[in-house]
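Participant: any chance you could fold what I've pasted below:
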Amino acid sequence: MVCPAALRVVSLSCPPGVGANTSAMDADSTGLMGGGPGLRGRASALTDRWAERGMLDQLIGAVRAGESRVLVVRGEPGVGKSALLDYLAGQAPTCRVVRAAGVESEMELAFAGLHQLLASVLELADRLPGPQRDALRTAFGLAAGPAPDRFLVGQAVLGLVSEVAGERPLVCVVDDEQWLDRASVQVLGFVARRLAAEPVGLVFAVREAGTELAGLPELTVQGLGEQDARALLDSALAGPVDARVRELIVAETRGNPLALLELPRGLSTAELAGGFGLPATVSLPGRIEGSFRRQLEVLPEETRRLLALAAADPSGDPLLVGRAARRLGIPAAAGTAAVRAGLVEFGVQVQFWHPLARSAAYQSASPRERQEVHGALAQATDPAGDPDRRAWHRAQAAPGPDEDVAAELERSAGRAQDRGGLAAAAAFLERAALLTPDPGRRAQRLLSAAQAKRDAGELDAALGLLAAADGQGCGPLDALQTAGVGHLRGQIASDQGHGDDAARLLVQAARLFEPLDVALARETHLEALAAAMFAGHLGRPGGLREAAEAARVAPPGLGPPRAVDVVLDAFALRVTKGPAASAAALTRALELLVALEADTSEARRWLWLASGRASTITLALELWDFESWYALAAHQVQVARDAGALVQLQFAISNLGVHQLLAGELSTAEHLIDEDGLIAEVTGNPSTGYAAMMLAAWRGGSKRPPS
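Facilitator: Numbering: from 1, shown residues only. As a prediction, this is how the structure comes out:
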């Protein structure tokens, strides 16, 4: 059903220059509409674009023949990506087509895009193996359970796609990928690299391909050639235009079809004559959005309010929009003028003609009006059925700090984290912090958001939140928060491979924790030791010996020793007194770790210590206990998967990969190395590299592995 390595994506070749001089599509470059008839009375068919259509025809033909294909359609806003996706869907009448479109305001809702794509085929999920089925249901909020492993969700989606394709060739179309939530993009990138020889097509439309889709076959859609651009512009002009202005429009739009059609609309012949209506300082998407704003200005006020309301909740639920409109006193007939203008359709879904039309409708409302529509949407949203969306609308409606709203966002963050949506949790916590009246609590929520960002692999974003927690607006941090900031900075430095800096920061944080939280202080000392081990500088200031000496004089733990306490004492003794003096302590530490039950809180707490990366190897190698090393490494990988913690998973996989190399299991090690690389692509962080370098050396390869 699936290919274990990420090597089975069949490339679709694109001839040189495709899109550069190919001809126009008439008008339909919609992002969310799908090009239905009735919008502006324009033709929804493509005019020319022969090369692009040829590639899509090739893809459909391959899928019908029982093969899998992946394609990333890349281009700037308005260039025609969505119209090409509509063409693709129209060319697949014998295939089952499922679609999703990214929505900017839903980027914080984990797995929202994936659920949108697969909602119509979820009935086949019952055929999946139990763990995969449960992971998928938990990710979509259809069942309660522990945070699903991101890779298990990926396997579940692969299985579901296979089940659907077994009945009928399947084409998955994803528009505006740049606005999908990160969890969905990660899973879809995982699936795209693992499609096997089955009749499945997976096509993305993006502005710029991110790391999740890097390396997949691409079709770059460019602007029209000059001749076609002039012809399309002439079709949109209401009267004669100065030739110089005409050429300026063609040049500034760079042949972008939507810009060519929209820029002249709403401008008089006099304005076009001198080009005064086309400020060169505005970006292309901004100019297109400005055109939509001019069209909005002539609509009745109640119509503009309705459009702002619809734009504020891009779920497209007409019943929700209707309930919220009634709360604001907007009559049902208010949408007629917008439909006549071709800006929106009210049907099974509320659909704007283009994402920039939605953006213009929202941005043209005043801040007070935006707060009002979000407030109405919050009141109209079922608090039991969709509490997270309701919390988000309440947050946007809040005129200022509001602890009740902040607390609701914090609860949403907890639900997101339970579903493995660490990035969503961070977004909720960040917004909650901005709405928190108490400076101390605000700082704590920023710290929590930074921790969630770090666990999700977004290290730079985590550092930014730490700077905010430590800056103006939060008031002076208390002693525990100050130690927490230093602790997280040290963890991130360790994640980034800055072992010396990490060890120094972590030792400092551990000492700050000592009078406040002995258990946390000892855990931080162990992290400092691990970072120093990775740095490898025994005598350098802030290095391994200093970290070990600081741990030796740290206060003892309270109550019965935990595994963390025993490991810390054993390592500190090993570094300061040597192998003979520490042998018994190291043996006891290893025995305790192996004996930990996988589902206990202490076992999970062990995962979150960065020291887990190094100590497993060090303990096992010191004692020549190869079996225990495997047991611990496999345990760490599983716990990281269950938690959806990509940073910890990456290091745990590297640990296990090194073990498998030493065991002679080169194929298994290669699979783990591929997974490490995939996580690196997903998070934008470098791969760990250790196992990859060892494998290359053992195979006699001269090519340097990717960093």
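Participant: what residues does the helix or strand harbouring residue 507 touch?
Facilitator: In this structure, residue 507 sits in helix 499-513 according to DSSP states H and E. For helix 499-513, the surrounding residues in contact (CB atoms under 8 Å, 6 or more residues apart in numbering) are 479-480, 482-484, 486-487, 489-491, 493-494, 520-522, 524-525, 527-529, 531-537, 540, 542-544, 546-547, 550-551, 554, 610. (Each C-beta comes from the backbone N, C-alpha and C, glycine too.)
Participant: what about the strands in this structure?
Facilitator: 69-74, 96-101, 170-175, 200-206, 218-220, 344-346, 350-352 (DSSP state E).
Participant: for the last one, packing partners?
Facilitator: Helices and strands in packing contact with strand 350-352 are listed as helix 301-312, strand 344-346; criterion 3 or more CB pairs under 8 Å, 6 or more residues apart in numbering; DSSP states H and E.
Participant: and for the longest one?
Facilitator: In terms of contacts (3+ CB pairs under 8 Å, 6+ apart), strand 200-206 is packed against helix 50-64, strand 69-74, helix 81-90, helix 150-167, strand 170-175, helix 182-192.
Participant: repeat that for 7 Å
Facilitator: helix 50-64, strand 69-74, helix 81-90, strand 170-175 (3 or more CB pairs under 7 Å, 6 or more residues apart in numbering; DSSP states H and E).
Participant: which parts of the stretch 201-350 of the chain are helices?
Facilitator: 226-236, 243-253, 257-262, 269-274, 284-297, 301-312, 318-327, 336-340 (DSSP state H, counting those that start in this stretch).
Participant: most neighbours per residue, which of these?
Facilitator: Counting by mean count of other CB atoms under 10 Å, helix 257-262 has the highest mean neighbour count of these, with a mean of 27.
Participant: C-alpha coordinates for that one, PDB please?
Facilitator: Extracted C-alpha coordinates of helix 257-262, given in PDB (Å, rounded to 0.1, in the frame of the first residue of the first chain):
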ATOM      1  CA  PRO A 257      -4.400  37.700 -15.400                       C
ATOM      2  CA  LEU A 258      -6.300  38.800 -12.300                       C
ATOM      3  CA  ALA A 259      -4.400  42.000 -12.000                       C
ATOM      4  CA  LEU A 260      -5.000  42.800 -15.700                       C
ATOM      5  CA  LEU A 261      -8.800  42.300 -15.200                       C
ATOM      6  CA  GLU A 262      -9.200  44.000 -11.800                       C
END
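Participant: so which of the helices and strands packed on strand 200-206 is nearest residue 400?
Facilitator: Shortest distance between residue 400 and these, using CB to CB, is found for strand 170-175: 36.3 Å.
Participant: show me the helices in the stretch 451-600 of the chain, by range?
Facilitator: Under DSSP H, counting those that start in this stretch, the stretch 451-600 of the chain gives helices at 459-469, 479-495, 499-513, 518-535, 544-552, 563-577, 579-595.
Participant: any chance of the ones you listed in TSV, with mean pLDDT, distance to residue 412 and mean neighbour count too?
Facilitator: Listed next are the helices of the stretch 451-600 of the chain as TSV, based on pLDDT from 0 to 100; distance: least, CB to CB, whole Å; neighbours: other CB atoms under 10 Å:
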stretch	mean pLDDT	distance to residue 412	mean neighbour count
helix 459-469	89	17	20
helix 479-495	92	22	22
helix 499-513	91	29	24
helix 518-535	88	27	26
helix 544-552	89	39	20
helix 563-577	87	31	22
helix 579-595	84	35	17
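Participant: so which of those comes closest to residue 52?
Facilitator: helix 459-469 (35.3 Å).
Participant: returning to that earlier point: where among the helices of the stretch 201-350 of the chain is average confidence lowest?
Facilitator: Note on these: helix 269-274 shows the lowest mean pLDDT, a mean of 53.
Participant: quick check: residue 163 touching residue 129?
Facilitator: No: applying CB atoms under 7 Å as the test, residue 163 and residue 129 come out as separate, 11.5 Å apart.
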